[in-house]
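Asker: Sequence and predicted structure below; questions after.
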Amino acid sequence: MKVKELLSDESKWCQGPIARSLSGRSVSYNNPNAVCWCLWGALHKCYPDENQFLTVRRKVKRYIRGDFVTDWNEDRRRTFAEVKALVEELDI
């Protein structure tokens, strides 16, 4: 699964914790109760192989101009549309 499929709509994206359950509780990105993920959590969930993860992380860091992925996602001004544009453009 690609991140663009996991984060298919705004309800599946979050800021703050790496992932949330339906009740809003913070959970691990691979928790079966997770229903939404931050970009960092989505990267980990979709690319569990370390080499794949590192390759995708490099692509994302180039796109966001070297910022920390978590900082970029957590910026209060960040919108889901920006996250969606990133994952669509990078085809991740």
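Answerer: All right, it came through fine. Numbering: from 1, shown residues only.
Asker: what's the closest non-adjacent residue to the most centrally placed residue in the chain?
Answerer: Taking C-alpha atoms, centre = their mean, the centroid of the chain lies closest to residue 39, which sits 1.6 Å from it. Nearest residue to residue 39 in three dimensions, chain neighbours excluded: residue 73, at 4.2 Å (C-beta to C-beta, 6 or more residues apart in numbering). In short, each C-beta sits where N, CA and C put it, glycine included.
Asker: That neighbour: helix or strand, and which one exactly?
Answerer: Element membership of residue 73, judged by DSSP states H and E, is helix 69-74.
Asker: What is the neighbour count of residue 58?
Answerer: Residue 58 has 10 neighbouring residues, counting by other C-beta atoms under 10 Å.
Asker: and what of the one 5 residues further on?
Answerer: Each residue near residue 63 was counted by other C-beta under 10 Å, and the total is 17.
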